[in-house]
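In: sequence isn't available, so here's the structure alone:
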């Protein structure tokens, strides 16, 4: 028997409450900075930008059939890019209902703007005479691949890298602030040679800095070479024109807003070889770099979660918040749990993107198109996780009493320096003697001091070992933390 539909299903509109994805539902406000780049609106905006850049560049190519545009025409065209808004995107979607082709809808929308009744008659006549140069010799993928690159360019520069930089700066601050605060290490979950809280933060800083540099260094590629990458249509119109050099110039000339010159392009790296689609190898490189960064942050989230559990960190309380519906005392490390979960979701999407996108049957199939529309999902969960981590880190308060108590109960960690000094002076069976005294036992300061006093080593070294405590046995940890 078929289940009846929900009685209110027909009345449900799209809102934060009815959105299928929490990125556009529960967490919509937190992802507002990413939406202008990675949404359908952002994709349309970049398509308009690419079409206009190509059109203006054609007017300056020296063709007798397409004279250089007037200043008024250029200003109008640039305005279509700069002032592009949600109503414009909706108008393109309306055209697409007829064309059933999203790129063609952008072309028709631009041509309709040439005929805007509000324009001076002379300007309308100028643009009408050359309107067939909109999308000239382009395949849809010439527009799409460069638009995707521009989307990623904006998202990387305005959302992903700033979010990552904020985390690096916060962790560096913690590394410096807590550089001298000793902490018991735990290797395999067991007590081990002490470190400092700051040094453990410094470790993460250095890992993240290396990953950040890799994300920033990925060259975002763009191709403008026609249906199968050979400039076939271009050369059929002007066989003696250097179309490859022209395409390179459009792709690599700085983007609008990146230069003061009147000439502008897309500010990407030129891809000289392709099939119908840009190969997407750079996307795989970028998404892999972000995923590696996210893996490091999963590691951090779990470690901080553990430190909170051990009592090393307290969490700053916020009035009105509830940690448990039944246990009033609880202050849960939810920000780190939220971050860990979202980083996992991000990596699931990013890894699929990096594995799938470089694969295309023959000169192209359409599987990349539907997958590419989910770039914002992978980056959205990434940005959400970065925000959660920052919130969690800002709530932390160090509990030095708990740290000190843990150290004071772990005198066995000094077995390492004692046996190392014994080895220096050739004391036979140094490791074995310390193992007998410490392994699996509760070790006290008195136990170790008795052993040290009996050693046949120079008095100065005895005194140094006797003065040592678990909290002072931190090696270069403080120096390394301050240096990061």
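Out: Looks like it came in fine. Small disclaimer: the values here were computed from a predicted structure and weren't measured. Numbering: from 1, shown residues only.
In: how close does residue 93 get to residue 139?
Out: 22 Å (CB to CB, to the nearest Å). Placement of C-beta: from N, CA and C, glycine included.
In: quick one: which of the two has more around it?
Out: Higher neighbour count among residue 93 and residue 139: residue 139, with 22 against 15, using other CB atoms under 10 Å.
In: give me the number of residues near the nearest residue to the more buried one once chain neighbours are set aside?
Out: Leaving aside its chain neighbours, residue 139 sits nearest to residue 227 (4.4 Å; criterion: CB to CB, 6 or more residues apart in numbering). Neighbour count for residue 227, taken as other CB under 10 Å: 18.
In: residue 227 should be in a strand, yeah?
Out: No. Residue 227 is assigned coil when assessed by DSSP: H, G, I helix; E, B strand; the rest coil, not a strand.
In: does residue 472 touch residue 182 like I think?
Out: Yes. Using CB atoms under 8 Å, residue 472 is in contact with residue 182, at 7.3 Å.
In: who has more neighbours, these two?
Out: residue 182 (25 against 11).
In: separation between that one and residue 194?
Out: Shown here: residue 182 relative to residue 194, a distance of 5 Å by CB to CB.
In: can you check which residues contact both of those two?
Out: 407, 470-471, 474, 477 (CB atoms under 8 Å, 6 or more residues apart in numbering).
In: right, and residue 140 touches residue 103 too?
Out: Yes. With contact defined as CB under 8 Å, residue 140 and residue 103 form a contacting pair (4.1 Å).
In: comparing those two, which residue is more hemmed in?
Out: Neighbour count, other CB under 10 Å: between residue 140 and residue 103, residue 103 has more, with 23 against 19.
In: so who does the more buried one touch?
Out: Residue 103 makes contacts with 47, 135, 140, 143-144, as judged by CB under 8 Å, 6+ apart.
In: do that again at 7 Å, thanks
Out: Residues near residue 103 by CB atoms under 7 Å, 6 or more residues apart in numbering: 47, 140, 143-144.
In: quick one: mean pLDDT over stretch 419-432.
Out: The average pLDDT within stretch 419-432 is 88.
In: I should have written stretch 223-231 there, sorry.
Out: Stretch 223-231 comes out at a mean pLDDT of 98.
In: show me the contact partners of it.
Out: 54, 137, 139, 142, 145-146, 232-234, 243-244, 247, 250-251, 271, 273-276, 278, 363.
In: got a ChimeraX select line for the buried ones in the residues you listed?
Out: One line in ChimeraX is enough to select the buried members of the contacts of stretch 223-231, burial here meaning 16 or more other CB atoms under 10 Å:
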select :54,137,139,142,145,146,234,243,247,250,251,271,274,275,276,278
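In: among the contacts of stretch 223-231, which are located in strands?
Out: Per DSSP state E, strands hold no members of the contacts of stretch 223-231.
In: okay, helices next: where are they in the stretch 101-250 of the chain?
Out: 102-114, 121-129, 140-155, 161-177, 197-217, 232-237, 243-252 (DSSP state H, counting those that start in this stretch).
In: what would those look like in JSON lines with distance to residue 417?
Out: Formatted as JSON lines, the helices of the stretch 101-250 of the chain follow (distance: least, CB to CB, whole Å):
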{"stretch": "helix 102-114", "distance to residue 417": "68"}
{"stretch": "helix 121-129", "distance to residue 417": "81"}
{"stretch": "helix 140-155", "distance to residue 417": "50"}
{"stretch": "helix 161-177", "distance to residue 417": "24"}
{"stretch": "helix 197-217", "distance to residue 417": "17"}
{"stretch": "helix 232-237", "distance to residue 417": "73"}
{"stretch": "helix 243-252", "distance to residue 417": "59"}
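In: compare the ones you listed and give me the one nearest residue 21.
Out: Nearest to residue 21 among these is helix 140-155; the distance by CB to CB comes to 16.7 Å.
In: could you list the low-pLDDT ranges of the stretch 101-250 of the chain?
Out: Across the stretch 101-250 of the chain, nothing is flagged by pLDDT under 70.
In: starting at the chain centroid, how far to stretch 363-383?
Out: Its chain's average C-alpha position is 15 Å from that of stretch 363-383, according to CA atoms, centre = their mean, to the nearest Å.
In: how about residues contacting it?
Out: Defining contact as CB under 7 Å, 6+ apart, one finds that stretch 363-383 is touched by 23, 31, 34, 38-39, 148, 152, 155, 159-160, 163, 228, 275-277, 280, 287, 290, 294, 342, 345-346, 349-350, 353, 356-357, 360.
In: average pLDDT for that stretch?
Out: Average pLDDT, stretch 363-383: 96.
In: and it, how far apart are its ends?
Out: In stretch 363-383, first residue to last residue: 34 Å (CA to CA, to the nearest Å).
In: so which bits of it are buried?
Out: Quick answer for stretch 363-383 (16+ other CB under 10 Å): 364, 368, 372, 375-383.
In: from the chain's centroid, how far away is the longest helix along the chain?
Out: For the chain, the longest helix by residue count, based on DSSP state H, is helix 281-310. Taking CA atoms, centre = their mean, one finds the center of helix 281-310 at 10 Å from the center of the full chain.
In: list the buried ones in the helix or strand following that helix?
Out: Where DSSP states H and E defines the elements, the next helix or strand beyond helix 281-310 is strand 313-315. Under the neighbour-count criterion of 16+ other CB under 10 Å, strand 313-315 has 313, 315 buried.
In: summarise which helices and strands the next helix or strand after strand 313-315 is packed against.
Out: Going down the chain from strand 313-315, the next helix or strand is helix 334-356, by DSSP H and E. Packing partners of helix 334-356 (3 or more CB pairs under 7 Å, 6 or more residues apart in numbering; DSSP states H and E): helix 281-310, helix 375-395.
In: can you give me the neighbour number for residue 112?
Out: Quick note: residue 112 (other CB under 10 Å) scores 13 neighbours.
In: state the distance from it to residue 79.
Out: Distance, residue 112 to residue 79, using CB to CB: 15 Å.
In: which of the shared contacts of residue 182 and residue 194 fall within strands?
Out: Using DSSP E, none of the shared contacts of residue 182 and residue 194 sit in strands.
In: these in helices, which ones?
Out: Using DSSP H, the members of the shared contacts of residue 182 and residue 194 that fall in helices are 407, 477.
In: now stretch 314-331: mean pLDDT?
Out: Stretch 314-331 comes out at a mean pLDDT of 57.
In: nearest the geometric middle of this structure, what residue?
Out: Centroid-nearest residue in the chain: residue 160, 4.0 Å away (criterion: CA atoms, centre = their mean).
In: which ones are touching that one?
Out: 215, 290, 379, 382-383.
In: can we see that at 10 Å?
Out: By CB atoms under 10 Å, 6 or more residues apart in numbering, the contact list for residue 160 reads 34, 37, 152, 212, 215-216, 286, 290, 293, 379, 382-383, 386.
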